[in-house]
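Q: next comes the sequence, and after it the predicted model I'd like to discuss.
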Amino acid sequence: MPEPQPSKNDPPPSAATPERPEQRAAESADMVVRRRQQPVRPFRGLRSEVSAGKTLLLGVCGALLVLAAWWLLTRGETPQQRWLSPTLLPSPAETFADFPRLWFEEELTRNAAVSLRRVVLGFGLAALVGAPLGILCGCFRSLGALLAPLLIVGRNIPVAALIPLTFFWFGIGEQQKVMFIFIASVAFVVIDSANAVGEISGRYIDTAYTLGASRRQIITKVIVPLAMPSIFNSLRLLFGIAFGYIMLAELVRLGSEAGGLGFIINSAQRRGMRTYILLVLMIIPLIALAVDRFLYWVQRQLFPYYYGSEGWLHRALVFALRGCEDFAALFRRAVAPPLALSGSADQASKPGPGGAPPSETNTP
């Protein structure tokens, strides 16, 4: 069968449409990536994603490695057979064997609840004062410059140096412990809140000004909602740091009140009960971790647009705020009619054109 001859209208092979330079560059880059791409190996992938199950498994493995190293350094029946003597570090078996004594003799549950209440009150007060003040410092740079020296001192002062001052100012009772946590934490809350406001892009504020929003509306409707996810995340992390101050806050116990976990550590140090110290040092992070997970759940539910959660708390908060706004609108509406009636009565009492009453002037 004879081959078809090319027609005169067909372009010659040399005149075929050439490839564009962008297409050739993309193909060559794709070939280079394919050649260099290697399978991701564990612990070597740069910023590679880790699943939740793998994260939990690796965390458990890390804790088991620490326990194995602890057991290895303290194994042996006699002090001569151990790497570390019992006076330096008791073994895991000796430590956990004293847990029932710590639970009943030292009233562990009551002291843990007291310590948690003190941290919640002190840090909650720091959040109530520091977060609004930090938002104002971020919105108005002059106010931030005015408070900058105090914030720098509060952030860098040694926390232990506050103990004698709080004894002088607030005594040795419950108020001293709560105010110690407050003073030690409030500067960090203010600084982090101001930084969260400063990280907001200026295009949101410019857009709000373009739409005619006032300064108060920009702060309450634009800046605060955009900064709150970062502020809440900072508060969640700072709560763990505040819980670490509990040992310093509970140096002294007044009368028969519960001393707290910090007092257990201090009294165990004086009595040489190293196992009690280790047990309490393990209990404090566990309580802080439980609170942190709860706050993280609250954080996800409050800001679903940021974390992609169900947003139950966000919907409840929006419903409550809208209810308050509707109630305020009803209250303003109930107050407005007497003022309008009085104004209309004054207008009706005025004479019409030519001194005639309004009823006469409107008559055809």
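A: Great, that's in hand.
Q: burial of the residue nearest to residue 84 when sequence neighbours are not counted, as a residue count?
A: Among residues not flanking residue 84 along the chain, residue 73 sits closest, at 5.0 Å (Cβ to Cβ, 6 or more residues apart in numbering). Every C-beta, even on glycine, is put in place using the N, C-alpha and C of the backbone. Number of residues near residue 73 (other Cβ atoms under 10 Å) recorded here: 14.
Q: again, but for the one 5 residues further on
A: Neighbours of residue 78 under the rule other Cβ under 10 Å: 8.
Q: same question for residue 284.
A: 21.
Q: ok, now residue 219?
A: 19.
Q: now do residue 246
A: 25.
Q: pretty sure it contacts residue 118?
A: Yes - counting by Cβ atoms under 8 Å, residue 118 is a contact partner of residue 246 at 7.1 Å.
Q: can you check which residues contact both of the two?
A: Residues within reach of residue 246 and of residue 118 at once, by Cβ atoms under 8 Å, 6 or more residues apart in numbering, are 181, 260.
Q: show me the shaky parts of the stretch 151-300 of the chain.
A: Within the stretch 151-300 of the chain, the ranges that satisfy pLDDT under 70 run 254-257.
Q: how about the helices of it, start to end?
A: For the stretch 151-300 of the chain, the helices defined by DSSP state H, counting those that start in this stretch cover 162-170, 174-198, 202-210, 215-218, 224-244, 246-249, 261-271, 274-302.
Q: only the buried residues of the helix or strand just after the longest one, if you could.
A: Meaning helix 274-302. Later in the chain than helix 274-302, the nearest helix or strand by DSSP states H and E is helix 304-307. Within helix 304-307, the residues scored as buried using 16 or more other Cβ atoms under 10 Å are residue 306.
Q: could you report the neighbour count for residue 68?
A: The burial count for residue 68: 11, using other Cβ under 10 Å.
Q: which one is the residue nearest the centre of the chain nearest to, not counting chain neighbours?
A: Centroid-nearest residue in the chain: residue 233, 1.7 Å away (criterion: Cα atoms, centre = their mean). Once flanking residues are discounted, residue 233 sits nearest to residue 299: 6.4 Å by Cβ to Cβ, 6+ apart.
Q: ok, back up a step: surely the residue nearest to residue 84 is in contact with residue 81?
A: No - contact criterion Cβ under 8 Å: residue 73 and residue 81 do not qualify, at 11.7 Å.
Q: hmm, back to that, isn't the residue nearest to the centre of the chain up against residue 302?
A: No - counting by Cβ under 8 Å, residue 302 is not a contact partner of residue 233; they are 10.8 Å apart.
Q: what sits up against stretch 299-315?
A: 228-229, 232-233, 236, 298, 317.
Q: now that stretch: buried residues?
A: 299-303, 306, 309, 311, 313-314.
Q: what packs against the helix or strand hosting the residue nearest to residue 84?
A: Taking DSSP H and E as the criterion, residue 73 maps to helix 52-74. In terms of contacts (3 or more Cβ pairs under 8 Å, 6 or more residues apart in numbering; DSSP states H and E), helix 52-74 is packed against helix 92-97.
Q: compare the helices of the stretch 151-300 of the chain and give me the one nearest residue 152.
A: Among the helices of the stretch 151-300 of the chain, the nearest to residue 152 by Cβ to Cβ is helix 174-198 (8.3 Å).
Q: what helices and strands are in contact with that closest one?
A: Checked by 3+ Cβ pairs under 8 Å, 6+ apart, helix 174-198 has helix 108-139, helix 141-156, helix 162-170, helix 224-244, helix 246-249 packed alongside it.
Q: to residue 69, which of those lies closest?
A: helix 224-244 (23.1 Å).
Q: list the contacts of that closest one.
A: Under Cβ under 8 Å, 6+ apart, the answer for helix 224-244 is 119, 122-123, 126-127, 131, 134-135, 138, 181, 184-185, 188-189, 192-193, 195-197, 199-200, 204, 284, 287-288, 291-292, 295-296, 299, 302-303, 306-307.
Q: what's the ChimeraX line that selects buried ones from those?
A: In ChimeraX syntax, the buried subset of these is picked out as below (16+ other Cβ under 10 Å):
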select :119,122,123,126,127,131,134,135,138,181,184,185,188,189,192,193,195,196,197,200,284,287,288,291,292,295,299,302,303,306
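Q: and the helix holding residue 73, what's buried?
A: 70, 74.
Q: so how far is it from its chain's centroid?
A: Mean C-alpha position of helix 52-74 versus that of the full chain (Cα atoms, centre = their mean, to the nearest Å) differs by 27 Å.
Q: now it against helix 274-302, angle please.
A: 170 degrees (axes from the mean of the first three to the mean of the last three Cα atoms, to 10 degrees).
Q: ok, now which ones touch residue 265?
A: Here residue 265 is in contact with 247, 276-277, 280-281 (criterion: Cβ under 8 Å, 6+ apart).
Q: repeat that with 10 Å
A: Listed by Cβ atoms under 10 Å, 6 or more residues apart in numbering, the contact set of residue 265 reads 246-247, 250-251, 259, 273, 276-281, 284.
Q: and for residue 86?
A: By Cβ under 10 Å, 6+ apart, residue 86 lies in contact with 74, 76, 78-79, 94, 274-275.
Q: need those residues in JSON lines (columns: distance to residue 214).
A: Below are the contacts of residue 86 laid out as JSON lines (distance: Cβ to Cβ, whole Å):
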{"residue": "74", "distance to residue 214": "67"}
{"residue": "76", "distance to residue 214": "74"}
{"residue": "78", "distance to residue 214": "78"}
{"residue": "79", "distance to residue 214": "74"}
{"residue": "94", "distance to residue 214": "67"}
{"residue": "274", "distance to residue 214": "62"}
{"residue": "275", "distance to residue 214": "62"}
